[in-house]
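[1] Compute the structure for the input listed below.
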Amino acid sequence: MRSFLHIRSLVASLLCMAALFASVTLRADSRDDKAIAAIHDVIARTQPEMVVVSIKPSPIAGLYEVQLKDGQTVYASADAKYLIPGDLYESKPDGLVNLGDARRSQVRKEKIAAIDEKDMIIFAPKGERKATLTVFTDVDCPYCRKLHSEIGDLNSRGIAVRYLAFPRTGLKGESYEKIKSTWCSSDRKAALTLAKLGGDIPAAKCDNPVDKEFHLGQEVGVTGTPAIVLEDGTMLPGYVPAAALAGYLFGDAD
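    Now for the predicted structure:
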């Protein structure tokens, strides 16, 4: 009998603890919901040009991470009175970790993974593909052309290059029309190479992904070309020589 009473008492204690935990969780969720709503309201009223993708609690109690559509991060107090643009760093035994950059890399990786490769222009190695770079490119920018001139070197190292369109003048003008014609060419690889050599691309029209890829670039923080994205979502803004890129990927830069 004593054993049975002990079990009943233990069960009752566990139920009370579960109820208490659920109550605390509900209160925490309620606080989070209230804070998130307040932050949404303040940004909508005072910064209507900011497009909020998500708001969630940060690792610091009372501070919320606001992800914006342009890839930037803002931190806000629970009462929405204070907004802090920039990144949050965590101290680890081996140094500081940029949490904002890590989050952006993860988002970048997920968004690029959702793009069908048929919408890209891909220069793949003839042998084994050891690594893949995804590059937001323009047909006219000098450093995009310089990077493209090293495609053979990258491919010889087993590195595939997948191009996404990012007309640096925006969705209008001669460069925009040229990159659309490139993506609509019957031989897109040849057309892209010709365009990067300064050649004339025959005008062509089709259902193309240029606008979609341009908007994607804006969402993941691309501000110029070339913008090189590694497989883990890390972005290297600007031209990087082939040997240095191999170093990032394999640790064997020349």
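
[2] Could you chop this protein up by domain?
    Per the record, the chain has its domains at 28-89, 117-250, by automatic domain parsing.

[3] and the ones you listed, which one's lowest on average pLDDT?
    Within these, the stretch with the lowest mean pLDDT is domain 28-89, showing a mean of 86.

[4] Next one: the closest residue to residue 210 other than its chain neighbours from residue 181, what distance?
    Beyond its immediate neighbours in the sequence, the residue positioned closest to residue 210 (Cβ to Cβ, 6 or more residues apart in numbering) is residue 165, lying 4.3 Å away. To be clear about C-beta, it is placed using only N, CA and C from the backbone, and glycine gets the same treatment. Taking Cβ to Cβ, to the nearest Å as the criterion, residue 165 is separated from residue 181 by 11 Å.

[5] Endpoints of stretch 143-156, how far apart?
    Looking at stretch 143-156, the gap from its leading to its trailing residue is 21 Å under the measure Cα to Cα, to the nearest Å.

[6] Neighbour count for residue 165 and residue 181, which is higher?
    When residue 165 and residue 181 are compared on other Cβ atoms under 10 Å, the one with more neighbours turns out to be residue 165, at 27 against 21.

[7] Backbone dihedrals for the more buried one, please?
    Dihedral angles phi and psi of residue 165 (degrees, to the nearest 10) take the values phi -80, psi 130.

[8] tell me the contacts of it?
    Residues in contact with residue 165, defined by Cβ atoms under 8 Å, 6 or more residues apart in numbering, are 136, 137, 179, 180, 182, 183, 209, 210, 213, 214.

[9] try residue 60
    Contacts were defined as Cβ under 8 Å, 6+ apart; by that measure residue 60 touches residue 88.

[10] Relative to residue 99, how far out is it?
    Residue 60 sits 10 Å away from residue 99, taking Cβ to Cβ as the criterion.

[11] Kindly report the same for residue 189.
    Separation of residue 189 from residue 99 (Cβ to Cβ): 39 Å.

[12] ok so, going back, out of the contacts of residue 165, which are inside helices?
    For the contacts of residue 165, membership in helices holds for 179, 180, 182, 183, 210, 213, 214, with DSSP state H as the criterion.

[13] Tabulate those residues in JSON lines, adding columns for neighbour count and distance to residue 130.
    What follows is the ones in helices among the contacts of residue 165, written out as JSON lines (neighbours: other Cβ atoms under 10 Å; distance: Cβ to Cβ, whole Å):
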{"residue": "179", "neighbour count": "27", "distance to residue 130": "29"}
{"residue": "180", "neighbour count": "23", "distance to residue 130": "32"}
{"residue": "182", "neighbour count": "26", "distance to residue 130": "27"}
{"residue": "183", "neighbour count": "22", "distance to residue 130": "27"}
{"residue": "210", "neighbour count": "21", "distance to residue 130": "29"}
{"residue": "213", "neighbour count": "24", "distance to residue 130": "25"}
{"residue": "214", "neighbour count": "22", "distance to residue 130": "29"}
